[in-house]
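Engineer: predicted model and sequence below, questions to follow.
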Amino acid sequence: MSRIRVAAVGDLHFGEDSAGTWAPHLRQLGQAADLLLLAGDLTRVGRVEEAAVLAAELADVPVPVVAVLGNHDVHWGTGDAVADTLATAGVTVLDGTATVLTVDRTTVGVAGAKGFGGGFAGAQATAFGEPEMKAFARRAEADADAFATALAGLDTDWRIGLLHYAPVEDTVVGERPEIFPFLGSYLLAEAADHGGADIVVHGHAHHGRERGLTASGVHVRNVAVPVIRRSYVVYCLGEDEPDADPRPGAAPHPTPAERARHGDHGDHAQGR
Amino acid sequence: MSGDPTGAPAYRVAHARERLAADPRVAALDLDLRMVGAEVFVTGTVSDGAQRALAASVVAEALPDLVVHNELQVAECSEPAPDASERVV
């Protein structure tokens, strides 16, 4: 099982006037990472035209791209069309689903969901009282259940959780505590713990912090642009093992240059 | 309601924040407004210079009797250094 390098960013908030604002900052991505995760709020208000601008910006990205939508991406009421627009550009858009990539001989599963609010353990919303309150709490439960199912179904070397909403308080600290229930849900962390995630990345909390942990010690990273202050960040899972296959006569792993010559940047379930 | 100069400052600021979220040109949910006398200070982070100007103009429309101080920051979004990565596990 080799090291993999995961680039991630969220909250790009692309508008129709955003062409050319991000691609110039992706020039090293192919050398720096094996895949790119987009943690939602990819558009300003969820218009297809905005998604099309982002899709064009992603055209030359040389690694597989996996995304979830955020609350901004569904605001216009056309979230499915936003997802379709990104998919036509080769982006795998997850919504309570998972995808599997192969990087060299290492399998990488990504379970993704937008998630929802509801708050964190000890101060969470409960399905009690008015129908609207029950609906709010149950929506959080349903999204977390879908995330848990997607994660539990992964039988891969690495398991990554991709969310928009936060699973833990750690990475939203810096926001006003009054709005924590609108920033994430502890149910997402519980799902990550049960599913054995190696890392969970999310966005949404612009004033939060980058690093946190779930109760069981799963690493959580808030990759919203205002938090990371970069066009993406790269997280490494595992040690660099350029030729770790113990089988006699096993072929060494191809170098990045060899992979590039063969146009092999990994593959994933829904194609890119 | 934010435009009523006789309204309580706290309510006027709250309604102006709603305008920032509802205006599709901006759709900003996390900007802060602080009203001091006849002035309002706008703080937070936006994606680019155009958004910075637009957000301030929305505040000016919502609070037309106030002097708007645009203290918004533009988010840094430069590419990380080639070897800048974190070993997580």
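Structural biologist: Looks like it came in fine. Quantities reported herein were computed from a predicted structural model and do not represent experimental measurements.
Engineer: if we ignore the residues flanking it in sequence, what's nearest the residue most central in space within chain B?
Structural biologist: Taking Cα atoms, centre = their mean as the criterion, B:Leu31 is the residue nearest the geometric centre of chain B, at 3.8 Å. Distance criterion Cβ to Cβ, 6 or more residues apart in numbering or on different chains; nearest residue to B:Leu31, sequence neighbours excluded, is B:Gly44 at 3.8 Å. Placement of C-beta: from N, CA and C, glycine included.
Engineer: sorry, back to before: surely the residue nearest to the centre of chain B meets B:Arg52?
Structural biologist: No. Using Cβ atoms under 8 Å, B:Leu31 is not in contact with B:Arg52; the gap is 10.3 Å.
Engineer: one step back: let me see the contact set for the residue nearest to the centre of chain B.
Structural biologist: B:17, B:20, B:42-44, B:46, B:55, B:72 (Cβ atoms under 8 Å, 6 or more residues apart in numbering or on different chains).
Engineer: quick one on the thing from earlier: identify the contacts common to B:Leu31 and B:Arg52.
Structural biologist: B:46, B:72.
Engineer: picking up where we left off before, which residues touch the residue nearest to B:Leu31?
Structural biologist: Per Cβ under 8 Å, 6+ apart, neighbours of B:Gly44: B:28, B:30-32, B:72-73.
Engineer: 7 Å instead?
Structural biologist: Applying Cβ atoms under 7 Å, 6 or more residues apart in numbering or on different chains to B:Gly44 gives the contacts B:30-32, B:72.
Engineer: next, format those residues as TSV and append distance to A:Leu94.
Structural biologist: Conversion of those to TSV gives the following (distance: Cβ to Cβ, whole Å):
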residue	distance to A:Leu94
B:Asp30	25
B:Leu31	30
B:Asp32	33
B:Leu72	33
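Engineer: what's the neighbour count on residue 52?
Structural biologist: Picking chain A for this. Neighbourhood size, A:Ala52 [other Cβ atoms under 10 Å in any protein chain shown]: 19.
Engineer: my question was about chain B, not that one.
Structural biologist: 19.
Engineer: and for A:His164?
Structural biologist: 31.
Engineer: surely it and A:Asp73 touch.
Structural biologist: No. Using Cβ atoms under 7 Å as the test, A:His164 is too far from A:Asp73 to be in contact (8.3 Å).
Engineer: where do the contact lists of those two overlap?
Structural biologist: A:40-41.
Engineer: and the residue nearest to B:Leu31, what pLDDT?
Structural biologist: pLDDT recorded at B:Gly44 is 94.
Engineer: one step back: list the ones among the contacts of B:Leu31 that fall in helices.
Structural biologist: B:17, B:20, B:55 (DSSP state H).
Engineer: could I get the residues you listed as a markdown table with neighbour count, distance to chain A and pLDDT?
Structural biologist: Formatted as a markdown table, the ones in helices among the contacts of B:Leu31 follow (neighbours: other Cβ atoms under 10 Å in any protein chain shown; distance: Cβ to the nearest Cβ, whole Å; pLDDT from 0 to 100):
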| residue | neighbour count | distance to chain A | pLDDT |
| --- | --- | --- | --- |
| B:Arg17 | 19 | 12 | 96 |
| B:Leu20 | 22 | 12 | 97 |
| B:Ala55 | 23 | 12 | 98 |
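Engineer: in chain B, what spans have low per-residue confidence?
Structural biologist: B:1 (pLDDT under 70).
Engineer: now do the residue nearest to A:Glu175 when sequence neighbours are not counted, the pLDDT please.
Structural biologist: Distances taken as Cβ to Cβ, 6+ apart put A:His207 closest to A:Glu175, at 4.7 Å, once the chain neighbours are dropped. A:His207 is assigned 96 on the pLDDT scale.
Engineer: what average pLDDT does stretch A:14-32 get?
Structural biologist: For stretch A:14-32, mean pLDDT is 94.
Engineer: can you tell me what sits against it?
Structural biologist: Under Cβ under 7 Å, 6+ apart, the answer for stretch A:14-32 is A:5, A:7, A:12, A:36, A:42-44, A:49-50, A:53-54, A:56-57, A:60-63, A:231-232, A:234, B:48, B:50, B:77-79, B:82.
Engineer: from those, which land in helices?
Structural biologist: A:49-50, A:53-54, A:56-57, B:50.
Engineer: list only those of those residues flagged as buried.
Structural biologist: A:50, A:53-54, A:57 (16 or more other Cβ atoms under 10 Å in any protein chain shown).
Engineer: out of these, who's nearest chain B?
Structural biologist: A:Glu50 (10.0 Å; Cβ to the nearest Cβ).
Engineer: related to what we said a few turns ago, which of the contacts of B:Gly44 count as buried?
Structural biologist: By 16+ other Cβ under 10 Å, the contacts of B:Gly44 give B:30-31, B:72 as buried.
Engineer: of the residues you listed, closest to chain A?
Structural biologist: Of the buried ones among the contacts of B:Gly44, the one sitting nearest to chain A (Cβ to the nearest Cβ) turns out to be B:Asp30, at 5.0 Å.
Engineer: how deep is the closest residue to that closest one other than its chain neighbours tucked in, by neighbour count?
Structural biologist: Of all residues not flanking B:Asp30 in the chain, A:His206 sits nearest, at 5.0 Å (Cβ to Cβ, 6+ apart). By the criterion of other Cβ under 10 Å, A:His206 has 26 neighbours.
Engineer: where does chain A dip in pLDDT?
Structural biologist: A:241-272.
Engineer: which positions in it make contact with chain B?
Structural biologist: A:5, A:13, A:17, A:21, A:25-28, A:31-32, A:44-45, A:72, A:198-199, A:206-207, A:219, A:225-226, A:229-237 (Cβ under 7 Å from any Cβ of the partner chain).
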